[in-house]
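S.K.: coordinates only, sequence not included:
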Ligand code: HT7
Ligand code: ZN
């Protein structure tokens, strides 16, 4: 497979003004009739008469005509990627009829049928699996869609826009026509048909437009849609208030499907959701699940402006819509819940997963220069780092100028397909700021590193902070230009009070431009403790020689909530890294009391937000410690982290018990921030208490498991018992859990995942057995993620077993999935691609499996790209 390059972009040679589609849905033989009103693009320099349409090789072409003239085989060329029509006039009607087989579509791209529901996924390039088309985001067309299907099996038939006509057809069939007045690229097209039920609500926009809100799901899930509906209304209001964006159709629909490659899809007026991101009920959904529903519903809704009204010119610009929309949804969640907790969560994900990606073989800028398969670029970098880059613009411009910039962006480009450059330019034009150097964030991959040093001159009462920046080489980019980096800082005096900084405030954003820059503060009477990168103001790694005393001081005094947590993380990392070294040198492990003492202070402070207490008490994950390691020593990291948890449990047993009891159980479950905070602290305490190995605490966990009135507490107890190595008790409650929830696929997914991520020895055999369990289905991405991905990505000690069994297992699954579902297969490869981070013995084993995947032959573009780049 060949790479395609951003530098080769050309405007389309043809345009499609109208797209009329007719779907005759039938199992294994669906007819798709397309009538396209086309013309040459006056802005194109190509002046070609040859029309090249994309179309997957599985499309069975039945008929093609131009202006009612049926073409015969010498008038066109059918090849594996599409259709070439040798001579077309300036303006013409192109009609095609193709036959497709949605039942055989296990890739879940294009039109597929699973669980008896027809459903489409067209982003990025799925539409070409439905019909021949100019399948690129800068070709925008008005769509009219007619669907015909059996009335009993498919009573509900949906597409984008508004329903304009419907009727009965022969043989118990019926039809409906939908019209979408907004021109859109093919990737936003959607069709759904099935025996679905809906909940309804209504929303009046600030401009007075009444919008019908419909959320569809299987009948048995109708009682799990209220939270999504409320989240949708919250998102609609928030986008009006914060961005001045109103909804623009009379109806907004969401459909829940169980077979879906990603979380959800923002098709115009008809969002399609993975059930895991829309269904929520206290019995079956954890707090994390509720938060995910709220965030994803908002994210997809926000795309209506950042993505749909203003879309991407080409797929290299993906972060234009995704980075911006992630920034928007994370601000939304922060506003509705706790901003500090949300920031901690986002930064945790960024620093574990995105930083690792940026240091790996697939590292790419948020505006990539080339790709082989675009589906591989729905990455942490495009989404999460992309959001951080938008956040930095927000920080540099300030909230008001940022809002003016976004208003200008939306009004200037409404109805257009544009570039990240257009976004940055709108921000510059509205604010008057020069973002020339800032643009390096779009073109360079890798995580910048800031080395900070300081000096205090008592005589001149001057404090100087020197910041040096660098960025490691990434594939194809050896040398990096300096970034423009906003570094928010505060300075604390010895009492822990913030000093007033030159901007008259207690936090100031320093703007770093040079490879090394010194910032001077005068009128400082004692050496302050710097609070650096407040709120994580830039996606960088920052090094400053904090002592452990500095960190405990910041943990209790920093006025920036994020940095209080960060100080605790840094302290824990510092201690864990020292112990890992001890372990590697065969020295006895001894935990000094500093971390426990600091945790004790935090536990005793009843004024603190319990969610933040829970975050502070949670040690950095094995994945994060791995990310910080030069050579990842899986076993040392796991053993030492467990050791520290156990020591803390013994040191703070009484405090954990007191906190557990203070976080009283609620009679009625509510997913509000305060209740979530109580549950998370209670469960963190329980997980520590189990480390003591005392029978009393096993009984406490089992009691919680049996008596919990919500999934958060019951799943937490299950996880804790199973992962603490109480094999017998674990087996009993796993069994009870499955018996109780076997009819709830999303709960069963949790059940699979708890087992697959269990660090106890011998789990791979158990995972292999679960692959044959009735609950597992290789064709369902949610099952694959819950079992296979959980084992490979959340169970480092077992996945990295030194006999290579984990690697072999993964390669076997990838070889199977490569044929069934290439997108899922290529995402699953990730843990193997990071082989360079491990010791030589593991490197060899991992490379061997990557090679075996290559040699298995017939690789999809998706898997080929990831495997070949990782072996290069
Ligand atoms: N914009 C959506 C992307 C998406 C997708 C991409 C590739 C393959 C399947 C997919 N399903 C959804 C999701 C979003 O970011 O909102
Ligand atoms: Zn998105």
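M.R.: Perfect, I can see it now. Note that the coordinates shown come from a computational prediction; the quantities given were computed from them, not determined experimentally. Ligands and ions are numbered 1, 2, ... in the order given.
S.K.: pLDDT below threshold where in the stretch 751-872 of the chain?
M.R.: Counting by pLDDT under 70, the stretch 751-872 of the chain contains no low-confidence residues.
S.K.: and the longest helix for this structure?
M.R.: Longest helix in the chain, counting residues (DSSP state H): helix 561-584.
S.K.: residue 615 contacts residue 342, correct?
M.R.: No: with contacts counted by CB atoms under 8 Å, residue 615 stays clear of residue 342, the gap being 10.9 Å. For glycine as for every other residue, the C-beta is placed from the backbone atoms N, C-alpha and C.
S.K.: rewinding a little: what's the following helix or strand after the longest helix of the chain?
M.R.: With elements assigned by DSSP states H and E, the helix or strand that comes after helix 561-584 is helix 594-604.
S.K.: so how far is that next one off the chain centroid?
M.R.: Taking CA atoms, centre = their mean, to the nearest Å, one finds the center of helix 594-604 at 33 Å from the center of the full chain.
S.K.: next SSE after that helix?
M.R.: helix 610-617.
S.K.: average pLDDT for that following helix?
M.R.: Helix 610-617 shows an average pLDDT of 98 in the prediction.
S.K.: next, the buried residues of it.
M.R.: In terms of neighbour count (16 or more other CB atoms under 10 Å), helix 610-617 has its buried residues at 610-617.
S.K.: would you turn those into JSON lines with distance to ligand 2?
M.R.: Shown next, in JSON lines, are the buried residues of helix 610-617 (distance: CB to the ion, whole Å):
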{"residue": "610", "distance to ligand 2": "31"}
{"residue": "611", "distance to ligand 2": "26"}
{"residue": "612", "distance to ligand 2": "28"}
{"residue": "613", "distance to ligand 2": "32"}
{"residue": "614", "distance to ligand 2": "29"}
{"residue": "615", "distance to ligand 2": "26"}
{"residue": "616", "distance to ligand 2": "31"}
{"residue": "617", "distance to ligand 2": "33"}
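S.K.: can you list the residues you listed in JSON lines and add distance to ligand 1?
M.R.: Below are the buried residues of helix 610-617 laid out as JSON lines (distance: CB to the nearest ligand atom, whole Å):
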{"residue": "610", "distance to ligand 1": "31"}
{"residue": "611", "distance to ligand 1": "26"}
{"residue": "612", "distance to ligand 1": "29"}
{"residue": "613", "distance to ligand 1": "32"}
{"residue": "614", "distance to ligand 1": "29"}
{"residue": "615", "distance to ligand 1": "26"}
{"residue": "616", "distance to ligand 1": "31"}
{"residue": "617", "distance to ligand 1": "32"}
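S.K.: hmm, back to that, what's the angle between the longest helix of the chain and helix 610-617?
M.R.: Here the directions of helix 561-584 and helix 610-617 differ by 30 degrees (axes from the mean of the first three to the mean of the last three CA atoms, to 10 degrees).
S.K.: buried residues in helix 561-584?
M.R.: 561-577, 579-580, 583.
S.K.: check stretch 333-351 too.
M.R.: 333-334, 336-348, 350-351.
S.K.: check the offset of it from the chain's centre.
M.R.: Relative to the chain's own centre, stretch 333-351 is displaced by 14 Å; criterion: CA atoms, centre = their mean.
S.K.: for it, the averaged confidence score.
M.R.: pLDDT averaged over stretch 333-351 gives 98.
S.K.: near ligand 1, which residues of the stretch 751-872 of the chain?
M.R.: By the rule CB under 6 Å from any ligand atom, the part of the stretch 751-872 of the chain lying against ligand 1 is residue 823.
S.K.: what residue in the stretch 751-872 of the chain comes nearest to ligand 2?
M.R.: Closest residue of the stretch 751-872 of the chain to ligand 2, CB to the ion: residue 823 (15.4 Å).
S.K.: which SSE is that residue in?
M.R.: helix 822-828.
S.K.: packing partners for that helix?
M.R.: Under the contact criterion of 3 or more CB pairs under 8 Å, 6 or more residues apart in numbering; DSSP states H and E, the helices and strands touching helix 822-828 comprise helix 781-784, helix 805-820, helix 861-871.
S.K.: which elements pack onto the last one?
M.R.: Okay, so that is helix 861-871. So helix 861-871, by 3+ CB pairs under 8 Å, 6+ apart, packs with helix 822-828, helix 830-833, helix 840-855.
S.K.: show me the residues around residue 307 that make contact.
M.R.: 266, 321-322, 325 (CB atoms under 8 Å, 6 or more residues apart in numbering).
S.K.: rerun at 6 Å
M.R.: Residues counted as contacts of residue 307 (CB atoms under 6 Å, 6 or more residues apart in numbering) are 266, 321.
S.K.: residue 381 and residue 444, how far apart?
M.R.: 11 Å (CB to CB, to the nearest Å).
S.K.: then residue 334?
M.R.: Distance from residue 334 to residue 444, by CB to CB: 28 Å.
S.K.: can you give me the neighbour number for whichever residue of the stretch 251-400 of the chain sits closest to ligand 1?
M.R.: Of all residues in the stretch 251-400 of the chain, residue 262 sits closest to ligand 1, at 3.5 Å by CB to the nearest ligand atom. Applying other CB atoms under 10 Å, we find 19 other residues in the vicinity of residue 262.
S.K.: next one: the one 5 residues further on
M.R.: When counting by other CB under 10 Å, one arrives at 28 neighbours for residue 267.
S.K.: just the pLDDT for it.
M.R.: So, for residue 267, pLDDT stands at 99.
S.K.: from what I see, it and residue 191 are in contact.
M.R.: No: using CB atoms under 6 Å, residue 267 is not in contact with residue 191; the gap is 9.0 Å.
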